[in-house]
Each structure stands twice: as C-alpha cells, then as structure tokens.
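1. any chance you could fold what I've pasted below:
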Amino acid sequence: MDIMPSAADTVSLSEKGLHVTLPDGRRCYFNHYWLRDNCPSSFDRTTRERVFDIFHLEQPPYPESAVLEDDALLIRWSGEDHVSRLPVDMLAAYADGTPRFDPSDLPRKPWYGDHYPDVARFSQPELMADRRLVARWIEALLVEGVAIITDMPDSDAGLTETANLIGQVRPTFFGDYFDVRTHIKPTNLAYTAKALELHTDTPAEDVAPGVQFLHCRANSVEGGGSLFADGMAVANDFREVDPEGFRLLSETEIPFYCEHDIYDMRSRQRVIELDKKGDVSGLTISQHMADIFDLPQYLLDDYYPAFCRFGKMLQDERYVMRFLLKAGECITFDNHRIVHGRAAYSATSGDRYLRGTYTDRAEMRSTYRAIVSEGRFRE
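-> Alright, predicted model coming up:
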C-alpha cells in the first residue's frame, strides 16, 4: 500500500515503520508496531490502562495510508477497520527513544557532618493539611535523603498516618513496626543500650525497604546521641581517592544475614550502589549483619583492604552528623543512602523510646508525581 500523495513530503513509508517530519523540522522514524500499540484508543480513558492487546493481531500492523493533519498523525491500518490518530506532541516526546520525563528524578545533593542546622524540617500537622508540603518533604528525601518531622503526636497512630502520607507501611521480618528500647531478651543490637555503628537497615532482605521513619517518643537518658552520614557523599569521595577500591565495592556482592528463632534471612548485596547512569545512589552496609565473606580468598586479598578503607572513611568526622533526637520528632531518611547509628547510653538514667517503620521509595516517588500532576505543586 502507498502513503497518501498529499503527505509525500512529511510522511514516508519504509518496511517496518514511518518516517515523519515533525513541525519542529525533525525527521523522525516510528515503528509500525509502536504506532499501532500506542494509538490513544488503546488505553481506557478512566483507568489509563492499556485495553488493546497487540498479541491478538492476525498479521503485523501495516499502514494503508498515513497523513499529518492539523496536530496529529492519522493512520489507516491495512486489514483492520481502524484509524489511529496520534498527537504530534506525543510523537515528538518519544521520537528520540529517551525515557519519559520523570518529575521525581531530581539530582541528589551530597551533605557533610555540619548539615544538621540545614536539615529540612516539616511540622506533622501542617503536612497532614497540605499536599504541597508533602511534595516539599519528598523533595528533601529525594535530593538530600533526610528530613525531620516535628510536632509528632505521641501515639502509634501518629507514626502510621505520617508514613501513609508518602506510601504504605512496608513490613520487614521484624514486622510492620519496631520499638527501639532496651529489651530483656534483645533480638537486635538496637534493642540494647550499646553503641550502634553506622549502618543501613535490613541488608539481609533481597530488597531492603527504602524510606525509614524513627519517631522519638522519649529521650531523657544520658548519651544515646544520633549519628547520621550521607553514604553517597562518602562513596563519591572514595571514588576519587581510591578508584580500584570503589570498583571492588560497587561490583562485588557480599553476604548479609539475620538469624533468630523464627527467621533466617540471607542476601547478597553490593556495598556501593550505582544507578543506571553509573552514579552513586547509596549504600548497603552493616557490620553486625555482615555474614562470613564466602568469596575466593585471593579476591579477599584486595577486597578486605578496600572494604576497611571505605569503612574508616565512612566514620570520618567530616561526614558524621551528630545530634540528639528530641521527643516529638521523627527523622525520615533514605535507607539505601543514609547510614545511621547511635552512641551508647545509660539505660537507667532515664527513658529512651523510638518507634520505627518503613515505606518504599517507589511509592514515595509515585506520590510526588501524583501531586505534581494534580497541579497542586508549583515551584
């Protein structure tokens, strides 16, 4: 079949697709399957889900005619009683084969040990009342990986409703929630008064939860100061000073575990996590949940020194933010980027109680995109 003569200068046919000259002057190519599969009629107007199933076509899609008309490409398909009308704006957005724009793909900003005064802070009652503030909160988590929520209700429900602003509570093998206080029979070092080294949580899970919430309900003990650091900032600097060590930690998987009466969790993770662009996106590290390294011993000749060099760098005062979390505050942070710990404290000197939970980063980004698309959020 031939393309309609009136479109000869703007639309031409090849064996597998159409060449289209867009209004901005670009000459672009579009595959026949892609054009047929993404006809606007392929999607339910209410749910936005695809209702057309290209698997049911009896023959490969092929245009009987195609023409640019006003602001759309009109295609009549051979062997089908169907005409597709694809907006030119939609064609232009996908012409280069680059991923669709994602408003939640914000550039990450590293921070250092002096960051505490500048940590983004939001009042919980104000967040509950204003979705625009929720977007600002999520921005802080996407860009800097940490934010503090103030004026928290002194209740279990207060933590749940706060977490639900950006996602659903994400259970782990510890349960939906966990209580950080001294336990008679602790199942985790966090449930003692001992110091905790800088770490990310639940590395023994195949995919650890993305966003952590630590709601401080009481903190009147001697000691127990919070330690936080931006693992991305440390890893970026490590890449500069020790490129081979960085390569080992970003390419080699090591084992993590957590064992107790009713669970035996195991996973393999890279200490330094990279995104699709090759940039550092975070860490997975925990000395108290690292299993025996079951790697070839000759590999360990190089890996262990690099691992230790990075671990020492992670604890350098340049990076560690030290502060005391106050009752009524909830610190929220990216569990795949921010490492956290605490100083030891005296369990008999007062009361210290933090209640924690998690949500996932994908749901957080989803919430951000939804707020942006609602038009309720503007720069």
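2. buried stuff in stretch 344-361?
-> 345, 347, 352-361 (16 or more other Cβ atoms under 10 Å). Glycine gets a C-beta too; all of them are placed from N, C-alpha and C.
3. looking at those, which are in strands?
-> 345, 352-359 (DSSP state E).
4. pick the one among the residues you listed closest to Tyr298.
-> Of all these, Tyr358 has the smallest distance to Tyr298: 38.0 Å, by Cβ to Cβ.
5. which ones are touching that closest one?
-> 163, 169-170, 172, 201, 209-213, 335 (Cβ atoms under 8 Å, 6 or more residues apart in numbering).
6. so what pairs up with it in the strands?
-> Gln212 (DSSP bridges).
7. got the contacts of Tyr358 as CSV, with secondary structure columns?
-> Output for the contacts of Tyr358, formatted as CSV (DSSP: H, G, I helix; E, B strand; the rest coil):
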residue, secondary structure
Ala163, helix
Val169, coil
Arg170, coil
Thr172, strand
Asp201, coil
Pro209, coil
Gly210, coil
Val211, strand
Gln212, strand
Phe213, strand
Asn335, coil
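8. neighbour-wise, which one of these leads?
-> In terms of neighbour count, Asn335 stands highest of the contacts of Tyr358 at 28 neighbours, by other Cβ atoms under 10 Å.
9. wait, what's in contact with it?
-> 200-202, 208-212, 358.
10. with respect to Gln297, which of those residues is nearest?
-> Nearest to Gln297 out of the contacts of Asn335 is Thr200 (Cβ to Cβ; 26.7 Å).
11. distance of that closest one relative to Ala290?
-> To Ala290, Thr200 is 11 Å away according to Cβ to Cβ, to the nearest Å.
12. can you list the strands that whichever strand or helix holds Ile75 pairs with?
-> According to DSSP states H and E, Ile75 maps onto strand 72-77. Strand pairing for strand 72-77, using DSSP bridges, gives strand 63-69 (antiparallel), strand 83-87 (antiparallel).
13. just want to know which of Thr200 and Ala290 has more residues nearby.
-> Set side by side, Thr200 and Ala290 show more neighbours around Thr200, with 27 against 18, by other Cβ under 10 Å.
14. and the pLDDT at that one?
-> Reported pLDDT at Thr200 in the predicted model: 97.
15. start at 256, not 1
-> Sure, I'll start numbering at 256, so the last one becomes Thr455.
16. how much space separates it from Arg610?
-> Counting by Cβ to Cβ, the gap from Thr455 to Arg610 is 19 Å.
17. got it, and Thr457?
-> 16 Å.
18. could you do Asp546 as well?
-> On the measure of Cβ to Cβ, Asp546 and Arg610 end up 28 Å apart.
19. with Pro316 instead?
-> Counting by Cβ to Cβ, the gap from Pro316 to Arg610 is 56 Å.
20. cool, and Val343?
-> Taking Cβ to Cβ, one finds Val343 at 53 Å from Arg610.
21. domains for the protein, by residue range?
-> The record's domain parsing of the chain by automatic domain parsing lists 260-349, 371-629.
22. from the chain's centre, how far out does the shortest one sit?
-> In this view, domain 260-349 has its centroid 34 Å away from the chain centroid, taken as Cα atoms, centre = their mean, to the nearest Å.
23. can you tell me, leaving aside adjacent residues, what's nearest to Val338?
-> Leaving aside its chain neighbours, Val338 sits nearest to Arg331 (5.0 Å; criterion: Cβ to Cβ, 6 or more residues apart in numbering).
24. residues near the one you found, how many?
-> Arg331 has 16 neighbours, counted by other Cβ under 10 Å.
25. report the beta-bridge partners for it.
-> Residues in beta-bridge contact with Arg331 (DSSP bridges): Ser320, Val338.
26. let me have the contacts of Asn590 in TSV, adding distance to Leu569 as columns.
-> Below are these laid out as TSV (distance: Cβ to Cβ, whole Å):
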residue	distance to Leu569
Thr455	11
Asp456	16
Thr457	18
Ala463	17
Pro464	21
Gly465	20
Val466	21
Gln467	18
Tyr613	22
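27. which of those sits closest to Thr302?
-> For the contacts of Asn590, the nearest to Thr302 is Gly465 (26.3 Å; Cβ to Cβ).
28. which pLDDT value goes with that closest one?
-> 96.
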